[in-house]
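J.: have a look at this prediction, sequence included:
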Amino acid sequence: AQTVTQSQPEMSVQEAETVTLSCTYDTSESDYYLFWYKQPPSRQMILVIRQEAYKQQNATENRFSVNFQKAAKSFSLKISDSQLGDAAMYFCAYTENNAGNMLTFGGGTRLMVKP
Amino acid sequence: GAGVSQSPSNKVTEKGKDVELRCDPISGHTALYWYRQSLGQGLEFLIYFQGNSAPDKSGLPSDRFSAERTGGSVSTLTIQRTQQEDSAVYLCASRNAGGNTGELFFGEGSRLTVL
């Protein structure tokens, strides 16, 4: 079974600084997707960024970027110029490219942003 | 609708009672997923629907849990004889199975508290 591990239960960053959240996963598949979701206190999971495993180029979305290391099965999220609104739980997730597409989630990292 | 809608938003019940949680997915989304999130934890997969059928029920924690989906749209998760360990946020997500991005769209969840 696939597993997703987030080794940092909590992280803290100063406003305007950069922070990196770690994620590793275990799979024997070669075709899959990786995601970072943000969960603010409202509870709704919001997609932050997505990476297709077949793409070597790291995905970027404005202040958010990933470092995807396929051989190492590592998928870290970098948040640049951190803002107070970035404070939330962040979940790394994995899914295979098949009809089910069930997401397997890591345990989450709580990000605190200090003003 | 514009997004995934879940009801009730919050439910407090007494141990031993039955509860029903409802999910209305994004219109046209054929795949629907239920997850459970215990306090401060990651997301635990419960069940997945493709249309009205459930190819994967592997995550249901006990026979007290059941789910159905009718008309390829609304889904109901039923928990019979609730126990205190059932207290959690129950999240629903949907996906357009014809799409190829793997992304799930989440509702805001139903928080269940069993006294």
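T.: Arrived safely, thanks for sending.
J.: do stretch B:5-20 and chain A meet at all?
T.: No. Using Cβ under 8 Å from any Cβ of the partner chain, stretch B:5-20 never reaches chain A; the gap is at least 9.0 Å. The C-beta positions use only the backbone N, C-alpha and C, and glycine is treated the same way.
J.: who's in contact with that stretch?
T.: Residues from elsewhere that reach stretch B:5-20, judged by Cβ atoms under 8 Å, 6 or more residues apart in numbering or on different chains: B:21-24, B:76-84, B:90-92, B:107-115.
J.: out of those, which touch chain A?
T.: When contact is defined as Cβ under 8 Å from any Cβ, the contacts of stretch B:5-20 meet chain A at B:91, B:107-109, B:111.
J.: could I get those residues in CSV, plus columns for secondary structure?
T.: CSV is the format used below for these (DSSP: H, G, I helix; E, B strand; the rest coil):
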residue, secondary structure
B:91, strand
B:107, coil
B:108, coil
B:109, coil
B:111, strand
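J.: and the residues you listed, which two are furthest apart?
T.: B:107 and B:111 (12.0 Å; Cβ to Cβ).
J.: what residues does chain A have near chain B?
T.: Within chain A, the positions lying close to chain B (Cβ under 8 Å from any Cβ) are A:33, A:35, A:37, A:42-47, A:50, A:91, A:95, A:97, A:99-108.
J.: show me where pLDDT drops low in the chain?
T.: Assuming you mean chain A. A:1, A:98-101 (pLDDT under 70).
J.: that's the wrong chain, I meant chain B
T.: Scanning chain B for pLDDT under 70 picks out B:1, B:97-101.
J.: spatially central residue for it, please.
T.: Taking Cα atoms, centre = their mean, the centroid of chain B lies closest to residue B:34, which sits 3.3 Å from it.
J.: distance check, that one against residue B:14.
T.: Residue B:34 sits 23 Å away from residue B:14, going by Cβ to Cβ, to the nearest Å.
J.: do residue A:56 as well
T.: Noted for residue A:56: a distance of 55 Å to residue B:14, by Cβ to Cβ.
J.: same check, this time on residue B:24
T.: 27 Å.
J.: please identify which of the two sits among more neighbours.
T.: residue B:24 (18 against 8; other Cβ atoms under 10 Å in any protein chain shown).
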